[in-house]
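**Q** build the 3D model from these lines:
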Amino acid sequence: MIDIDADSQEFDQIYLENFPILHRYAYTLLRDKELAEEMVHQVFLKILERAVPVDVHTSLKAYLLRSVNNECLNHIKHQKVRQTYQTYATNSARNDVQSPSSRLAYRELELHIEKAINDLPEQCRTVFQLSRFEELKYAEIANRLGISAKTVEAHMSKALKRLRLELADYLHLIVWMLVIRLWY
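**A** Residues are numbered from 1 along each chain as shown. Take a look at the predicted model:
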């Protein structure tokens, strides 16, 4: 029976002697040097965090290899679960976007947004389009249109206020579209 006490110099010696073989073993399982190093570090960190020394009833090397093996397998399992969830979430989002009712709602929202923008006063609409669609800064819009930056700011404020009022009934669809767009 071997006791591994994290506070002893013996721990440092065990780490230095066993790290190369443990790292190579983890690398054979994961095929990633940095990740293999992280798994070995995790095993030793868990030993360090234990309140009582580890009792090893077999050989120390066998215990450490089994610990690295378990750490790597847990990591691989976690990655598979994560990948499965991401695939599910992506497919679920695609199905939502591609369903006929979703396409219809999306098209209806596009039409309402387009109508709301077109209903803005001409100067206000121009400022809004330059800001949102051409991504110009207020100073750039002011230079292009020959007006002050404060006037641009006033037009944007007016446009956003009117659009908010016009599209209030479609807020849930707008939020839904933004969430879907973030997933892609």
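
**Q** and the pLDDT at A36?
**A** For A36, the pLDDT comes out at 96.

**Q** which other helices and strands contact the strand or helix carrying N70?
**A** Element membership for N70 (DSSP states H and E) is helix 60-98. Contacts defined by 3 or more CB pairs under 8 Å, 6 or more residues apart in numbering; DSSP states H and E place helix 60-98 against strand 2-4, helix 9-30, helix 33-49, helix 100-118, helix 171-183. (Each C-beta comes from the backbone N, C-alpha and C, glycine too.)

**Q** number of nearby residues for P121?
**A** Look at P121: counted by other CB atoms under 10 Å, it has 12 neighbours.

**Q** kindly apply the preceding question to H41 instead.
**A** Counted with other CB under 10 Å, H41 comes out at 16.

**Q** do you know how far it is from Y106?
**A** H41 sits 48 Å away from Y106, going by CB to CB, to the nearest Å.

**Q** okay, now the domains of this protein?
**A** 2-93, 100-183 (automatic domain parsing).

**Q** lowest average confidence across these, which one?
**A** Lowest mean pLDDT within those: domain 100-183, at a mean of 83.
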